[in-house]
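Engineer: return a 3D structure for these sequence lines:
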Amino acid sequence: MAKAAAVNVSPLADRVVVKPLEEAEQMRGGLYIPDTAKEKPSQGEVVAVGPGKLSDEGARLEMDVSVGDKVLYGKYSGTDVTLEGEEYLILRESDILAIVS
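Structural biologist: Predicted structure coming up:
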């Protein structure tokens with residue numbers, strides 16, 4: 001069954017809802033970097049996990065990530081959504097590159 005923490009959403013199959021972690025704002029060479037030029041974060045915290053994908057035999061495959069895990073994901077992975085005024089990313093478990101301990 002899907003688990004949800006701070007957001008009221010239940011992802012389907014092997015999908016995961018991630019809250020991107022804000023990068024500390026840095027000035028390069030004394031120049032201000034506008035929001036439009038900043039890179040998309042590639043690290044976040046898992047806030048909801050789907051039940052897992054079904055195998056060819058019909059068995060549910062267990063998810064490797066769980067709510068509260070800090071993860072690294074591909075820069076252009078997933079779909080950006082706004083839920084309850086907050087920005088989230090919905091992506092497949094296979095788009096997650098690593099769990100940060």
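Engineer: list the contacts for the spatially most central residue of the chain?
Structural biologist: With distances taken as Cα atoms, centre = their mean, the chain has Val18 as the residue nearest its mean C-alpha position (2.5 Å). Residues in contact with Val18, defined by Cβ atoms under 8 Å, 6 or more residues apart in numbering, are Gly44, Glu45, Val46, Val47, Val71, Tyr73, Gly78, Tyr88, Leu89, Ile90, Leu91. Backbone N, C-alpha and C define where each C-beta goes, glycine included.
Engineer: and the next element down the chain from the strand or helix carrying Leu89?
Structural biologist: Assessed by DSSP states H and E, Leu89 sits inside strand 86-92. Sequence-wise, the next helix or strand downstream of strand 86-92 (DSSP H and E) is strand 96-100.
Engineer: any idea how far Pro11 is from the residue nearest to Val100 when sequence neighbours are not counted?
Structural biologist: Among residues not flanking Val100 along the chain, Lys70 sits closest, at 4.3 Å (Cβ to Cβ, 6 or more residues apart in numbering). Separation of Lys70 from Pro11 (Cβ to Cβ, to the nearest Å): 18 Å.
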